[in-house]
Every structure is written in structure tokens, then in C-alpha cells.
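Engineer: Kindly generate the corresponding structure for this input.
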Amino acid sequence: MADLLVAQRQELLLRELRAAGVVRVAQLAVRFGVSSGTIRRDLGDLAAEGHLVRVRGGAVPAEPPAPAAAPGPPSTPAGERTLGLLVPSATYYYPGVIAGVRAVAARRGARVVIAISDPAQPRDTQQIEELRAAGANGLLIAATGGSRVATPVLAGVRSTGLPFVLLERRPEDPYEPCEFVASDHRQGAFGAVRHLHRLGHRKVALYCHGSPTAELIREGHAEAVTRLGLDPGAPVRCGRRHPPATPRQHDEFIERCLAGGTTAAVVHSDGDAITLLQRLRARGLRTPEDLALIAYDDELAALAQVPLTAVAPAKRLIGESAAELLVDRLDGGRQPVRGMLMQPRLVIRRSCGAPPR
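Structural biologist: As a prediction, this is how the structure comes out:
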């Protein structure tokens, strides 16, 4: 991440600050692959703009969270309602989800304890036990691995005896009774390809450097190609999550697109879309004229040199809805088992060739 633009790095820094409530210079320097002096300059710039307050070794938000506009329904004391939140990241994609969870917890008199999983070295079971030890009596879980949680994993979660809601995950068995709140990523990918088709593109490629979302994006892309009668010969690349994609892999994808007459691509994630945009510019090529792009996630897309049209999942609403389900369950509600799928929206910017709106 050392090659992030200053604005991109500072935006990520602010996202982490909002999610965690405090940031440390040393930790940020390691995470972003830059020097401590660079992070201190970023913090100084953001403090001057009123976004944060410098403290020894790091920073805290400039203002405390605003109080809730109106109290929620009567509930049990906060000490008896603690939401254990397991997510794979606090710096990309999930800050919005975390903010939604925290907003509901504040409104309904609960507290949140968080654990950050490592997709490269998953230890979900141990972290769930650590959340229990920290007082969690309900769980919000974005498990490592794919978007569909295997039945044995769900059995392990159930063995804790705690109510739980899956976040951006669904049961592998569609008939497994389980509460979840997730984005409909297949619909999001389908909508992106359909938009490009309406702009006149007949060959729409797909680039996914693997994530739990990638499999669903690939399914949505494939369905759109079939239903819309597009040329199936456009490149499709879905690599492994680890290690990160290399510049050579980005260049090879561009070469395949150009050689086969592909004129547009859907790219997951924003970081890969920005890198592809930069590699295109290095070749003297233009976006959208030579290759139109739509990013998937909308975390950094607006900060690209050519602002990227992007699929934007409703991250904060995902967190809010999951937390509401869990607090309802902790309050002893007799609601039926509920599952929610939320359709992402498409944010139009310059990179697809349509007028921004």
C-alpha cells in the first residue's frame, strides 16, 4: 500500500479512526508501508482540517460521537447486552459496517467488543472464545473464507450457545435456518455489466483478485454475459486472495483485453481498479476511451485520477440491520429467523463513459 496517493491514504486513516476510536503512528506506518514521519505529517494535515486531535503517539477523533436523536425501546441494561463483532478488516470495506453496528448499539443501550480476523491465518474459533471472555452474549460474524459459511463452521458457532447473525455471509446450505444480513453481490455485478452493455460494450471483462466476495461477483458477471448475449470471449481473471496481485498480472490482464477487442471491465476491488487505471495511463491509453472501468466496493473509487464508476454495497446499513436483528434476539423477541439481502447501488462517475450523476 506504499504507493497510495496521499488523499487515499488519509481517507483510509480516517476510516480506521472512525472505526476504532484511536490510531497509533507505529501501527499505521506498518499497515501502509510508509515511514512514521509520513504518518505524522498525515495526522498533522488532518488535524489542521479539524478531522482529528493529535495525542502522544497517535490521534483521536476531533469530536465525540453525537448522541442518538431518540431513545430506542426499553431494554435490559447495557452490561447484559454486549455484541461480539468478528470482521476481517477495520481499514477496508468494514469501517462502514462497524459504524452501523456501533450506531445501533449506542441507540439501544448495548456495547460492542471487536476482534479482527486474519484471512491468511484464520483463527475464528479462538477469537469467538475471546469475544465470549470479553463479555459478549451475542455474535456478529463475518467469518474468514468464502461468502458461504460451511455447515460444520455454523455448528461450531451454535455450540457456543450464543445468538448470532452472519455479516456479509450466508449459510452454505440454503436450507440452514440461520440469521444473516448480506449484500447481493451477484446483483451488483450483474448491474455493472448491464450498465456497460447499455453504453454499447459487447465484450466486458472481469478482474477479481480473490476475496469472499469474488465468487459471487463472478457468478453475477457470468449471468449477465449470458442473459444479455454478450461476447463470452472477454477475459475473466479470479486469482487467489494471497499473495496480492503483482504489476505483471495487471499488465497481462490489460494485454488480454486489448488483444481480444475487450472494451470494458468490472474490477474488484477498488485498489486493483486504481492500479489498472495507472497501468493503462503508463501505456499511453485512456479510460474510458480505450478501456472503460467499473470498480467494485466504492471505498477509494472516487479518489482515482479518473474517478471510477463503482458498485457500492450498503455497508453501514448492513451493520445497522445485523445489529438490530441481534439486539432483538438478545431482548428475547419471538421473531422468525430472518435473512436479508441488500442490493448494491451503482455510482456513476467518469470511468465508464457515461455522464456522472
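
Engineer: how far away is the residue nearest the centre of the chain from V165?
Structural biologist: Most central in the chain under Cα atoms, centre = their mean is Y93, positioned 2.4 Å from the mean C-alpha point. Distance of Y93 to V165, computed by Cβ to Cβ, to the nearest Å: 18 Å. C-beta here means a position set from N, CA and C on the backbone, and glycine is covered the same way.

Engineer: for A134, same thing?
Structural biologist: From A134 to V165 the distance is 18 Å (Cβ to Cβ).

Engineer: Which one's more surrounded, the two?
Structural biologist: V165 (26 against 13; other Cβ atoms under 10 Å).

Engineer: Tell me how many other residues crowd L206.
Structural biologist: 26.

Engineer: Can you identify each of the strands in the stretch 101-250 of the chain by residue range?
Structural biologist: 111-116, 138-141, 148-149, 164-167, 170-171, 180-183, 204-209, 236-239 (DSSP state E, counting those that start in this stretch).

Engineer: mind checking which of those is nearest S351?
Structural biologist: Smallest distance to S351 across the strands of the stretch 101-250 of the chain (Cβ to Cβ): 13.6 Å, for strand 204-209.

Engineer: Which strands and helices lie in contact with that closest one?
Structural biologist: helix 185-198, helix 214-227, strand 236-239, helix 247-260, strand 264-268, helix 270-282 (3 or more Cβ pairs under 8 Å, 6 or more residues apart in numbering; DSSP states H and E).

Engineer: so the second one versus strand 264-268, what angle?
Structural biologist: By that I understand helix 214-227. Angle, helix 214-227 to strand 264-268, by axes from the mean of the first three to the mean of the last three Cα atoms, to 10 degrees: 160 degrees.

Engineer: Quick check: buried residues in helix 214-227?
Structural biologist: 214-218, 220-222, 224-225 (16 or more other Cβ atoms under 10 Å).

Engineer: wait, which of the residues you listed is closest to T82?
Structural biologist: The closest of those to T82 turns out to be L216 (Cβ to Cβ; 31.1 Å).

Engineer: Next one: the closest one from P88, what distance?
Structural biologist: Going from L216 to P88 by Cβ to Cβ gives 16 Å.

Engineer: where does the stretch 51-200 of the chain have low pLDDT?
Structural biologist: 63-79 (pLDDT under 70).

Engineer: Quick one: the helices in it, in order.
Structural biologist: 94-107, 124-133, 151-158, 185-198 (DSSP state H, counting those that start in this stretch).

Engineer: For stretch 262-271, give the mean pLDDT please.
Structural biologist: For stretch 262-271, the mean per-residue pLDDT is 96.

Engineer: ditto for stretch 296-310
Structural biologist: Mean predicted confidence for stretch 296-310 is 94.

Engineer: Sort out which residues of it are buried, please.
Structural biologist: 296-304, 306-310.

Engineer: which one of those residues sits closest to R349?
Structural biologist: P307 (4.0 Å).

Engineer: before we move on, what SS does that closest one have?
Structural biologist: Judged by DSSP: H, G, I helix; E, B strand; the rest coil, the three-state class of P307 is coil.

Engineer: if I look at E215, how far off is V327?
Structural biologist: With Cβ to Cβ as the criterion, E215 and V327 are 30 Å apart.

Engineer: Same question for T125.
Structural biologist: As judged by Cβ to Cβ, T125 and V327 stand 24 Å apart.

Engineer: Of the two, which one has the most company?
Structural biologist: With neighbours defined as other Cβ under 10 Å, T125 and V327 compare such that V327 has more, 25 against 13.

Engineer: Shouldn't the more buried one be within a helix?
Structural biologist: Yes: assessed by three-state DSSP, V327 belongs to a helix.

Engineer: thought the residue nearest to the centre of the chain was touching K315?
Structural biologist: Yes: Y93 is within contact range of K315, at 6.7 Å (criterion: Cβ atoms under 8 Å).

Engineer: ok, so of the buried residues of helix 214-227, who is nearest G146?
Structural biologist: Looking across those and measuring by Cβ to Cβ, the closest to G146 is E215, at 6.1 Å.

Engineer: ok, back up a step: out of the strands of the stretch 101-250 of the chain, which comes closest to A273?
Structural biologist: strand 204-209 (8.0 Å).

Engineer: Hey, what's the angle from that closest one to helix 214-227? Just curious.
Structural biologist: Using the same axes, to 10 degrees: strand 204-209 against helix 214-227 is 170 degrees.

Engineer: then strand 204-209 to PDB, C-alphas only?
Structural biologist: Extracted in PDB, the C-alpha atoms of strand 204-209 (Å, rounded to 0.1, in the frame of the first residue of the first chain):
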ATOM      1  CA  VAL A 204     -17.000  -6.900 -20.800                       C
ATOM      2  CA  ALA A 205     -14.100  -8.400 -18.900                       C
ATOM      3  CA  LEU A 206     -13.900  -9.300 -15.200                       C
ATOM      4  CA  TYR A 207     -10.900  -8.900 -12.800                       C
ATOM      5  CA  CYS A 208     -11.200 -10.200  -9.300                       C
ATOM      6  CA  HIS A 209      -8.100 -10.800  -7.100                       C
END
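
Engineer: Outside of that strand itself, list whatever touches it.
Structural biologist: Contacts with strand 204-209, where a contact means Cβ atoms under 8 Å, 6 or more residues apart in numbering, come from 189, 193, 196-197, 214, 217-218, 221, 224-225, 230, 234-241, 244-245, 249, 253, 256-257, 262-269, 272-273, 276.
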